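Peer 1: no sequence for this one, just the structure:
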């Protein structure tokens with residue numbers, strides 16, 4: 001079987017050399033079709049190709065800090081990515097089909113970080129880091145670590161968004177859009193739970209998991225400035241009226257004891273909006289979980305439209321559920 005192993009190694013070498021060109025193309029007249037196998041691995045998985053010595057050095061420690069550090073605003077600790085590492089001589093065969101891959105190559109004269117899409121499979125995210133030695137590799141990673149993290153995070157989100165658009169429940173989206181003036185893309189399985197003049201609640205619920213998408217609005221003055229305190233106060237006001245618990249007198253509110261909510265501006269495509277992440281709990285009850293909201297300023301109507309996703313999954317890890325609802329709220333668009 002030695003000859004078979006040599007053939008696999010040769011194929012692997014060819015694939016690495018052709019990095020970024022591992023696409024089989026077939027021309028049909030003026031049209032070029034690209035055929036790639038589907039990616040493998042579960043959402044949030046990340047494969048790091050690195051030698052054992054580097055993995056056990058400062059380089060590996062930094063990669064784990066950036067890529068396997070704590071995911072923000074969860075009630076328990078979960079990593080950004082579930083990381084697996086393999087040495088270069090084991091990187092062959094099905095490993096090339098993994099959804100997220102980071103490759104660290106040492107002994108290279110030209111140092112750099114190259115982010116690639118769909119190198120050997122689709123939809124795939126690959127980052128290749130070339131460096132002369134471990135010292136240069138560490139410097140490159142420290143300089144580009146957050147960008148690499150965002151590249152993989154955006155790739156996970158874009159996969160989910162593409163799936164949501166493919167299986168969009170147009171009827172639910174249309175109902176919300178007609179009432180609120182805007183709506184995200186709701187994938188099949190989400191159903192309308194509540195719809196009012198300025199509030200919509202769409203959810204997917206099972207015995208132990210609830211993924212909910214809220215859209216609501218509130219009027220503002222022309223010179224309104226986003227602040228975290230005001231957004232949280234407005235959120236709590238809306239939740240108290242519209243998101244009751246099962247017990248009498250219970251309702252959702254923003255929890256601020258375990259962790260303070262965070263706020264930042266985001267630009268996505270042609271839209272700019274404020275993101276707030278935090279934790280929620282039920283007053284007079286024992287339920288809770290994470291939420292992420294996007295607040296859009298609607299200057300034409302002197303209002304703010306909030307699109308929020310929250311998760312309740314007491315028996316399961318929540319990172320992938322948060323990523324799922326976040327991929328939905330990223331698709332929000334105004335009614336044309």
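Peer 2: Right, received. Where do you want to start? Owing to the predicted nature of the structure, the values given are computational and were not obtained by experimental measurement.

Peer 1: ranges for the helices of the stretch 51-200 of the chain?
Peer 2: Counting by DSSP state H, counting those that start in this stretch, the stretch 51-200 of the chain has these helices, from start to end: 52-55, 58-67, 134-166, 170-180.

Peer 1: dump the residue contacts of the nearest residue to residue 83 once chain neighbours are set aside.
Peer 2: Counting by Cβ to Cβ, 6 or more residues apart in numbering, residue 83 lies nearest to residue 68, which is 4.5 Å off, once chain neighbours are set aside. Quick note: C-beta positions are derived from backbone N, CA and C, even for glycine. Under the criterion of Cβ atoms under 8 Å, 6 or more residues apart in numbering, the contact partners of residue 68 comprise 79-83.

Peer 1: 10 Å instead?
Peer 2: Residues counted as contacts of residue 68 (Cβ atoms under 10 Å, 6 or more residues apart in numbering) are 46, 48, 78-83.

Peer 1: could you work out the most separated pair of those?
Peer 2: 48 and 78 (18.1 Å; Cβ to Cβ).

Peer 1: surely residue 277 meets residue 325?
Peer 2: No - assessed by Cβ atoms under 10 Å, residue 277 is found out of contact with residue 325, at 11.7 Å.

Peer 1: among those two, which residue is more densely surrounded?
Peer 2: More neighbours surround residue 325 than the other of residue 277 and residue 325, with 26 against 18 (other Cβ atoms under 10 Å).

Peer 1: and that one, how far from residue 116?
Peer 2: 28 Å (Cβ to Cβ, to the nearest Å).

Peer 1: tell me where the model's unsure across this protein.
Peer 2: Of all residues in the chain, those with pLDDT under 70 make up the ranges 1-34.

Peer 1: may I see the buried residues of stretch 262-279?
Peer 2: By neighbour count, and taking 16 or more other Cβ atoms under 10 Å as the criterion, the buried residues in stretch 262-279 are 263, 273-279.

Peer 1: scratch that, stretch 140-149 is what I was asking about
Peer 2: Under the neighbour-count rule (16+ other Cβ under 10 Å), stretch 140-149 has 140-141, 144-145, 148-149 buried.

Peer 1: just name the closest of those to residue 288, please.
Peer 2: Proximity of these to residue 288 was ranked by Cβ to Cβ; the top entry is residue 149 with 26.7 Å.

Peer 1: spatially nearest residue to that closest one (excluding sequence neighbours)?
Peer 2: In space, and not counting its chain neighbours, residue 149 is closest to residue 66: 5.4 Å by Cβ to Cβ, 6+ apart.

Peer 1: doesn't residue 80 make contact with the one you found?
Peer 2: Yes - proximity of residue 66 to residue 80 meets the contact threshold set by Cβ under 10 Å, at 7.8 Å.
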